[in-house]
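*Asks:* Next comes the sequence, and after it the predicted model I'd like to discuss.
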Amino acid sequence: MKKLVVLRKFSQIFFLLLFIYILWFTTNTAAFFKTDPLVSIFGIFSIIILISTLIIGRFFCGWVCPLGTIIDICGARTKNMDFNFVQIKYYVLGAIVVFAFLGIQIKWIFDPLVITARFISLNFIPFLTLILDKLFIFLIKSLNFYAPLYDFYRLLKISILGVKIYYFPHSLITLSFFVIVCSLVIITKRFWCRIICPLGAIYSVIAKFSILERRVDKCVNCMKCKINCRMSAIKEDMSYRKSECIVCLDCVYDCPVKGTKFTWPVKPIKPKAKDSISRKDFLFLIASSFLLFGFKGVEGEAKKKLIRPPGVTGEREFLNKCIRCGNCMKVCPTNGLQPAIFESGLAGIWAPHLVPEIGYCEYSCNLCGNSCPTGAIPKLNLAQKKEQKIGLADINKDICLPWSQNKECIVCEEHCPISTKAVKTYDEIFDGKKIKKPYVDASLCIGCGICQNKCPTRPFRAIKVLP
Amino acid sequence: MGNRKKEEGVKKESIFERVPKRKITRKGFVKLCGIGVGSLILNNSLFKFAFGQDEASTGRIVKKIKGLHDLVVVRGADPYLMTVKAIEGIGGMEKFVKKNGIVLIKPNIGWDRSPEQAANTNPQVVGALVDMCFKAGAKRVNVFDRTCNDQKLCYENSGIEKIAKEKGANVYSPDDWNVIKAKFNYKSPMEGWPIYRDALECDTFINVPVLKHHGLAGLTLAMKNLMGICSGNRGLIHSDIGIKLAHLTDFIKPDLNVIDAYRVLTRNGPTGGNLADVVDMKTIIAGIDPVLCDAYAAKLMNREPLSISSIDQGLKHNLGSADITKADILTITI
């Protein structure tokens, strides 16, 4: 029986590494989200997972979920408590559904895959690459290993590290959110999965009717399984809450008399409805959620204050579709897409926006749309993308070198990717020298921000893209 | 402390009481600040010791190689063959590359454009040079450029990475931490500018620009192409570009210049993008004197050489001659 527990652990590690691999080395980062019923309810993969949940129970939580694995690792040595607030997660799920009907999307706060993806893309990968990069630089510089190690370092740079080390100035907030989620294990093991996770709630609703079940043949009342159960799914009388069980098989392994098994049922047993949300509770939930109707009115139509990724049209629609998974920010080759904090209000937190001073929007690149799991950033082909206007450049003549100091510059004109140049110049004679002074042709400018990125004036750039 | 504990001793212990209380005194606070600042400084100096070594150099040593001709101009249809003929005309690659030497080929890979859009050096020209360097006995051939668009896209779409790697060259991106500060014996606006180490520590420097229009400099030529070995905020080079490029050329002293004028971008440079702006000139210019090469290329584009500030300044700094009429030019037509 130990074999099966090892197999489960292997599966957990495998899927966690797969998750990191997909985010780190491929641009097809939407792949994992296709299995997430919260993100794509009618996706073929999520339906497959839901059907298999109906057969074998909440295996996703115990065997696949990357956040579950990380929480398991964090909680390996913490104590276990019998906790009975498992209904809360149904309220969370209910709130997400009710809000969705009201047109406000809040699943980005709670979806475990999104939380993990955001942490890996914005914190884990940048941190690891930075440390590795600095380590190599230190070794090469201090030991003068220019010949052999340097070539290896260059190989690493084009394969693992990436030519550009990513940097997200506001990523500390995503990190602290993730740390809070993980450190809830201090209270009890798998606290998040038991009590808050809305994805777990979906699976547990279905797992209640699952076919595979736990059976206790022999029992010496040692209570080991009950004490050790990480979901506290086992009751005093050795029966269990099917909806809470994540098929981790620890109880099978723990049983001293080998009396616990997971088998296909001999005869179907009627599930008890009491363990999940009751009808009364559900009505209460609906009623209480209506109090939140007010929010929509207060918020109003969000104004477009930020430069959004190419193809995004309506700010409100964008914020409702975006689950803040961070995929677009991970794949953006220039590191220009950054998570917003409060620039576009509370509703826009962590949604991507372009910060041209960090990175511009690459002219022939449509990776952000291709990697978006929800279609918040529409999929565009390259020809369509090149015509998307995401902003408009504006020259500040008080700082601009040719305008304010009559110096040669026009770096903005040089870099403009439009073949007929959206930044145009006209000549002015100053001191016997012809000075080219730049101005922006609003009909041509797509707002990619390369001009702002390359503008040499510091600390403020003389050309800026406005949304 | 003791008194207070006695008073509150009756109270039920809350969770927060379990954490040992530590009173912060003024002295303690000052100490803590001191330790913080001290460790920051220590950390900083350690960091500087590890990563911030400032090396300076006065530039590459000029080798005074004499070619068979001052300038070789080849016209034809196949850029690979034309490059081979041009180098043969100037005296063969063996003149420039020594046995087991390290060669740097510096093409223009600045933009995410295809070879047909003529914003980057023709990959066939780079491929021919890599081949010839290895034939002449080079140990290692490096190819790099600091790109303006995304590194990966530029290297891939220009076609240079693929062809140079096939021929056995090292194609990589330069690292901003691996630089040497430029030092000049005269007053220069380029003083202290960070230059990539590999550009200086090579036995042969082959400069392979593409001839194209440039909004500010007029034309992108051999001297302008050297900007690709500069790290730092390169935008600042653009003011007084002529003097700065002249000093940079004096600093690097490229051994060989091969100007690719096979396809020429005549308008909306240096990025281009519109095939209507590209004219097929089917010419390769090779020479040792960068100023002369530039002057010839400028003439090819119907521009007065001295109207281009870098050529004008190069002449003033005695980097070469710009008088095409007096130069010994070999013209080959294939």
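*Replies:* On my side now, so go ahead. All of these numbers come straight from a predicted model, not from anything done at the bench.
*Asks:* lowest average confidence, helix or strand, in chain A?
*Replies:* The weakest-scoring helix or strand in chain A, judged by mean pLDDT, DSSP states H and E, is helix A:293-299 (a mean of 43).
*Asks:* Can you tell me the SS state at the closest residue in space to A:Cys248 that isn't next to it in sequence?
*Replies:* Counting by C-beta to C-beta, 6 or more residues apart in numbering or on different chains, the nearest residue to A:Cys248 once its immediate chain neighbours are dropped is A:Gly62, at 4.3 Å. C-beta here means a position set from N, CA and C on the backbone, and glycine is covered the same way. Each residue gets one of three states, and A:Gly62 gets helix by DSSP: H, G, I helix; E, B strand; the rest coil.
*Asks:* Quick check: residues of the stretch 151-300 of chain A near chain B?
*Replies:* Residues of the stretch 151-300 of chain A lying close to chain B by C-beta under 8 Å from any C-beta of the partner chain are A:Asp151, A:Arg154, A:Lys157, A:Ile158, A:Val163, A:Lys164.
*Asks:* Return the nearest residue of the stretch 251-400 of chain A with respect to chain B.
*Replies:* Nearest to chain B, among the residues of the stretch 251-400 of chain A, is A:Pro333, at 4.4 Å (C-beta to the nearest C-beta).
*Asks:* Quick check: closest non-adjacent residue to that residue.
*Replies:* Once its chain neighbours are removed from consideration, A:Pro333 has its nearest residue in B:Asp150; the separation is 4.4 Å (C-beta to C-beta, 6+ apart).
*Asks:* Could you give me the buried positions within stretch A:439-446?
*Replies:* A:Val440, A:Cys445, A:Ile446 (16 or more other C-beta atoms under 10 Å in any protein chain shown).
*Asks:* Give me the pLDDT for B:Glu13.
*Replies:* As summarised for this prediction, B:Glu13 has a pLDDT of 52.
*Asks:* List the contacts of the residue of the stretch 201-334 of chain B found nearest chain A.
*Replies:* Ranking the residues of the stretch 201-334 of chain B by distance to chain A (C-beta to the nearest C-beta) places B:Gly235 first, at 2.8 Å. By C-beta atoms under 8 Å, 6 or more residues apart in numbering or on different chains, the residues touching B:Gly235 are A:Cys409, A:Val411, A:Lys454, A:Cys455, A:Pro456.
*Asks:* So what's the residue count around residue 103?
*Replies:* Unless you meant another one, I'm taking chain A. As a burial measure, the neighbour count of A:Gly103 was computed by other C-beta atoms under 10 Å in any protein chain shown and equals 10.
*Asks:* To clarify, I was referring to chain B.
*Replies:* Applying the criterion other C-beta under 10 Å, we find 28 residues in the vicinity of B:Val103.
*Asks:* Same question for it, what's its three-state structure.
*Replies:* The assignment at B:Val103 comes out as strand when based on three-state DSSP.
*Asks:* partners of it in the sheet?
*Replies:* For B:Val103, the beta-bridge assignment (DSSP bridges) gives partners B:Val141, B:Thr204.
*Asks:* Would you check that it makes contact with B:Arg140?
*Replies:* Yes - under the criterion of C-beta atoms under 8 Å, B:Val103 is in contact with B:Arg140, at a separation of 7.1 Å.
*Asks:* so where do the helices sit in the stretch 151-300 of chain B?
*Replies:* Taking DSSP state H, counting those that start in this stretch to define them, one finds helices in the stretch 151-300 of chain B at B:151-157, B:160-166, B:197-200, B:222-225, B:241-252, B:290-300.
*Asks:* circling back: hang on, the residue nearest to A:Pro333 packs against A:Glu362?
*Replies:* Yes - with contact defined as C-beta under 8 Å, B:Asp150 counts as touching A:Glu362 (5.2 Å).
*Asks:* between those two, what contacts are shared?
*Replies:* Residues touching both B:Asp150 and A:Glu362 (C-beta under 8 Å, 6+ apart): A:Pro333, A:Thr334, B:Asp112.
*Asks:* got a list of what the residue nearest to A:Pro333 touches?
*Replies:* A:Pro333, A:Thr334, A:Glu362, A:Cys365, B:Asp112.
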